Every structure is written in C-alpha cells, then in structure tokens.
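**Q** Test case, fold it:
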Amino acid sequence: MAITSLHVARMTAGVALAASAVALSGCTAFATSYDVLDREAEPADMVPDSVVAEDSGDVADLSSARLVGEYEGTSIWLLRGVEVGAVCVLAYPDNDLWLMACGGEQGPVELSGPAGHFVTVPDDYPTPDGATRISANVYAVTP
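**A** Numbers count the residues shown, from 1 in each chain. From the prediction side, this is the model:
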C-alpha cells in the first residue's frame with residue numbers, strides 16, 4: 001500500500017487529536033481552585049485603607065480580596081494576583097505591620113513576618129504539617 005498525502009494528513013490529525021486529549025486531561029488533573037475567591041464580595045472583604053493607600057494594585061487585585069479569618073489579632077485575606085494564576089495572601093495586624101505575598105495558584109504561598117507565618121493552599125489540599133487552620137485555604141504555621 002502506498003502512503004499518500006491523504007494518509008499522512010489523517011495520521012497527523014489523529015496524532016494531534018490524541019496529543020490534545022492528553023494535554024487537556026493533564027490540565028484538569030492538576031487544576032486548582034480557591035472557592036473563597038469565587039464567592040460574592042461582602043463589606044468585610046474590603047482591605048483596610050492603609051493597604052489601598054500603599055499598594056498600587058500592580059501585584060494583587062485588591063477588588064478580589066476575601067477576608068478568610070483572623071489569627072492571634074491578625075486579619076487574613078486571600079486575593080487574586082495580577083499575574084495570570086497568581087494568588088496572594090495579606091496578613092494585617094495593624095496599619096504599620098501588614099504584609100502581602102503572592103505566588104502561583106498551584107501553591108503553596110508562604111508569608112512570614114512580625115504578623116506571623118501563614119501558608120495558602122488550594123482547595124482540597126492537605127493541611128500543612130504543624131499548621132492551624134484559619135480557612136480552607138489559609139493556615140498559620142507556628143515555628
């Protein structure tokens with residue numbers, strides 16, 4: 001049997017279809033989410049004015065902030081980063097000591113400073129070792 005351009009085109013199309021299926025299934029197998037970022041914003045989700053005044057919004061989308069809890073006097077927010085797929089955590093004990101850290105959505109994102117040591121993880125990820133749950137996505141880690 002002679003291989004014609006029609007056969008080559010069909011084989012190429014079949015290989016491309018199979019590769020696409022594998023690639024797409026790989027993406028969904030490792031997809032992550034942060035459900036708290038998908039809920040409607042509430043008044044308590046607004047970050048403090050001192051954060052808005054000092055952050056120009058070039059790292060985190062402040063309008064996406066969702067208050068996830070408090071730990072030892074520090075309020076914690078989860079936000080979407082301005083980079084595609086980035087997630088940020090904001091720890092706010094007061095106007096002078098607040099910190100924010102961002103990283104890829106695959107997580108974890110860690111933040112450590114005078115306000116404490118916090119770790120974010122996507123939905124359905126296990127609790128980090130030695131951590132205290134603040135929300136489904138944010139944990140406090142004690143040294």
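**Q** Return the distance of Asp49 relative to Asn95.
**A** For Asp49, the distance to Asn95 (Cβ to Cβ, to the nearest Å) stands at 9 Å. (C-beta placed from N, C-alpha, C; glycine too.)
**Q** the more surrounded of those two?
**A** When Asp49 is set against Asn95 and neighbours are counted by other Cβ atoms under 10 Å, the residue ahead is Asn95, at 12 against 9.
**Q** Quick check: which element contains Gly103?
**A** Secondary structure assigned from DSSP states H and E places Gly103 in strand 99-104.
**Q** just checking, what packs against that strand?
**A** Helices and strands in packing contact with strand 99-104 are listed as strand 74-81, strand 86-92, strand 109-113; criterion 3 or more Cβ pairs under 8 Å, 6 or more residues apart in numbering; DSSP states H and E.
**Q** Quick check: buried residues in the shortest one?
**A** This points to strand 109-113. Of the residues in strand 109-113, those scored as buried under the neighbour-count criterion (16 or more other Cβ atoms under 10 Å) are 109, 111.
**Q** For the chain, just list every one of the strands.
**A** Using DSSP state E, the strands of the chain run over residues 60-71, 74-81, 86-92, 99-104, 109-113, 116-120, 131-133, 138-141.
**Q** Ser63: neighbour count?
**A** Summarising burial for Ser63: neighbours were counted as other Cβ under 10 Å, giving 12.
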